[in-house]
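> Show me the folded form of this:
(one chain, ligands or ions: 1)
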Amino acid sequence: MSFDPSSPQSTDLRDTVNPLFAQFAHPTLRQNLVELNALQHAVLLDKILHIELILPFAWPQGFKALQAWASPLLTEATGATAVDWHLDYAIATLQRVKQLPGCRGVKNIIAVSSGKGGVGKSSTALNVALALADQGIKVGVLDADIYGPSIPQMLGTAEQRPSSPDGKHMAPIMSYGLATNSIGYLVTDDNAMIWRGPMASKALLQLLNETLWPDLDYLVVDMPPGTGDIQLTLAQNIPVTGAVVVTTPQDVALLDARKGVVMFNKVDVPVLGIVENMSVHICQHCGHQEAIFGHEGAKALSEDYAIPVLGKVPLHIQLREDLDAGIPTVVRDPTGQFSELYREIAENIATQLYWQGQVIPEDISIRTL
Ligand SMILES: Nc1ncnc2c1ncn2[C@@H]1O[C@H](COP(=O)(O)OP(=O)(O)OP(=O)(O)O)[C@@H](O)[C@H]1O
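Numbers count the residues shown, from 1 in each chain. Sure, this is the predicted structure:
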């Protein structure tokens, strides 16, 4: 906080600000900011209006929209010369599938899956996780993609190995503010590819439960692609809060994405929505856009199952090059257009998660190992 709300020179203006905030509408809000009890302080001090908000979900783009809309109205209503904005998060813990007990230290688990391999599931999971972490939110990534654990490569941490401080558990590998663990750190040859279903599921659940996650608001799990036994076992046994399905607009990918949605529905995991990756190709030279994998595929899927499209990411060489270099785009170019896109997707995921779920008190939500 950059001001002292108890200073005798300051004036509490919450009664002026809240009625204005009640009028602010945004696609991510199902309750308004007053109903969310968001405003903590509205203090006028030396002609500066200091606003402090607290929200239970990541809200970077909504906050930007609020500032643009409200700043001129607030200066006019309060006589302030400028508004000093602060947004803090107290991320809510939400009910998990089948009311499973949570994983120690982890508030919410988001499973990122795809019916088909190679559609950009890992790149989406990672850039979304980084976009959340960029907000000061505590985020982890578990790379459970047994068929192609690519997260270590994408983070430039492929040579590292998790240490074990107590000989039983693993310390996560920290990278760009994320706590990460990956099957790729542990299995360095192609053996994992031929693990049978039960073996693979057991290894992945162990990886989740035996990592010493620091306190996390969100743990993003990069699931193995497909809708077979491994995926079904994981979906049933990981205390997931919600799932995101990544697809390209191509018919074959959509068909598999559909199977993914059906699978999650079957095991009662809420599907938060679909991310359409490689939606259009953007030429790096002239900016020309071409829908090489087809048009509006995710939209049809979203309409059929009444789930939102959380965002569309174009196919662009920069995204691939950044991942190959181990510096994902959200880190390399945080103010660029692709980072904006990932922030928007991250916000859509976080808000969907909140609105579809039921908040649970934290003390009963955490299981000790
Ligand atoms: N929008 C994009 N633009 C350009 N390249 C992309 C994009 N999305 C993903 N890629 C690239 O495509 C390749 C596959 O992406 P990624 O590994 O994320 O897919 P996946 O669905 O997780 O694959 P797998 O099923 O093998 O785990 C990677 O080289 C990645 O850098």
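
> Surely Thr227 forms part of a strand?
No. With DSSP: H, G, I helix; E, B strand; the rest coil as the criterion, Thr227 is coil rather than part of a strand.

> Help me confirm that it comes into contact with Arg258.
No. Counting by Cβ atoms under 8 Å, Thr227 does not reach Arg258; the two are 9.5 Å apart. Every C-beta, even on glycine, is put in place using the N, C-alpha and C of the backbone.

> Overlap in contacts, those two.
Counting by Cβ atoms under 8 Å, 6 or more residues apart in numbering, the common neighbours of Thr227 and Arg258 are Gly115.

> more crowded one of those two?
Thr227 (22 against 18; other Cβ atoms under 10 Å).

> Could you report the pLDDT at that one?
At Thr227, the predicted lDDT confidence score is 86.

> From the contact counts, what lies against the helix or strand encompassing Asp256?
Here Asp256 is covered by helix 251-266, with elements defined by DSSP states H and E. Applying 3 or more Cβ pairs under 8 Å, 6 or more residues apart in numbering; DSSP states H and E, we find helix 251-266 packed against helix 229-237, strand 242-247, strand 271-282, helix 297-305.

> Identify the neighbouring strands of the lowest-mean-pLDDT helix or strand in the chain in the sheet and state each direction.
Using mean pLDDT, DSSP states H and E, the weakest-scoring helix or strand in the chain turns out to be strand 289-290, at a mean of 74. Strand 289-290 has its sheet partners listed here by DSSP bridges as strand 271-282 (antiparallel).

> Would you pull up how far the strand it pairs with lies from the middle of the chain?
14 Å (Cα atoms, centre = their mean, to the nearest Å).

> Ok, stretch 95-112 next?
14 Å.

> likewise stretch 301-316?
15 Å.

> again with stretch 300-310
When distances are taken as Cα atoms, centre = their mean, stretch 300-310 is centred 19 Å away from the chain's centroid.

> Outside of it itself, list whatever touches it.
Against stretch 300-310 from outside (Cβ under 8 Å, 6+ apart): 244, 247, 254, 257-258, 261, 265, 271-276, 298-299, 345, 348-349, 352.

> of these, buried ones?
Among the contacts of stretch 300-310, those buried by neighbour count (16 or more other Cβ atoms under 10 Å) are 244, 247, 254, 257-258, 261, 271-276, 298, 345, 348-349, 352.

> Take the helices and strands packed on helix 251-266 and lay them out in TSV including distance to the ligand.
Formatted as TSV, the helices and strands packed on helix 251-266 follow (distance: least, Cβ to the nearest ligand atom, whole Å):
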stretch	distance to the ligand
helix 229-237	12
strand 242-247	7
strand 271-282	5
helix 297-305	13
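
> now, of those, which is deepest in the fold?
Mean neighbour count, computed with mean count of other Cβ atoms under 10 Å, is highest for strand 242-247 among those, reaching a mean of 29.

> What strands line up against that strand, and which way round?
Using DSSP bridges, strand 242-247 pairs in its sheet with strand 106-113 (parallel), strand 271-282 (parallel).

> Quick check: residues of the stretch 151-300 of the chain near the ligand?
225, 277-278 (Cβ under 6 Å from any ligand atom).

> For the stretch 151-300 of the chain, which residue gets nearest to the ligand?
Going by Cβ to the nearest ligand atom, the ligand is nearest to Pro225 of the stretch 151-300 of the chain, at 3.9 Å.

> ok, that residue touching Asp145?
Yes. Pro225 is in contact with Asp145 according to Cβ under 8 Å; the separation is 7.0 Å.

> From Val246, how far off is the residue of the stretch 151-300 of the chain closest to the ligand?
Distance, Pro225 to Val246, by Cβ to Cβ, to the nearest Å: 9 Å.

> Please identify every residue contacting each of these two.
Common neighbours of Pro225 and Val246, counting by Cβ under 8 Å, 6+ apart, are 113-114, 119, 121.

> from these, which two are the most distant?
Using Cβ to Cβ, the two most remote members of the shared contacts of Pro225 and Val246 are Ser113 and Val119, lying 10.2 Å apart.

> neighbour-wise, which of those two wins?
Legend: neighbour count by other Cβ under 10 Å for Ser113 and Val119, higher for Ser113 (30 against 26).

> Quick check: the more buried one touching Val261?
No. If you go by Cβ under 8 Å, Ser113 and Val261 don't touch, sitting 9.6 Å apart.

> what residues do these two have in common as contacts?
In contact with both Ser113 and Val261: Val245, using Cβ under 8 Å, 6+ apart.

> In contact with Ile151: list those residues for me.
Counting by Cβ under 8 Å, 6+ apart, Ile151 touches 122, 125-126, 141, 143, 145, 180, 182, 184, 222.

> Surely Thr157 is within a helix?
No. Counting by three-state DSSP, Thr157 falls outside a helix, being coil.

> and the gap between it and Pro361?
Distance from Thr157 to Pro361, counting by Cβ to Cβ: 35 Å.

> what's the answer for Val128, then?
Counting by Cβ to Cβ, the gap from Val128 to Pro361 is 27 Å.

> and what of Arg343?
29 Å.

> okay, how far is it across stretch 242-255, tip to tip?
21 Å (Cα to Cα, to the nearest Å).

> now that stretch: mean pLDDT?
Stretch 242-255 comes out with an average pLDDT of 85.

> Next: stretch 146-159.
Taken as a whole, stretch 146-159 carries a mean pLDDT of 91.

> Can you mark which positions in it are buried?
Here stretch 146-159 shows 146, 148-158 as buried, counting by 16+ other Cβ under 10 Å.
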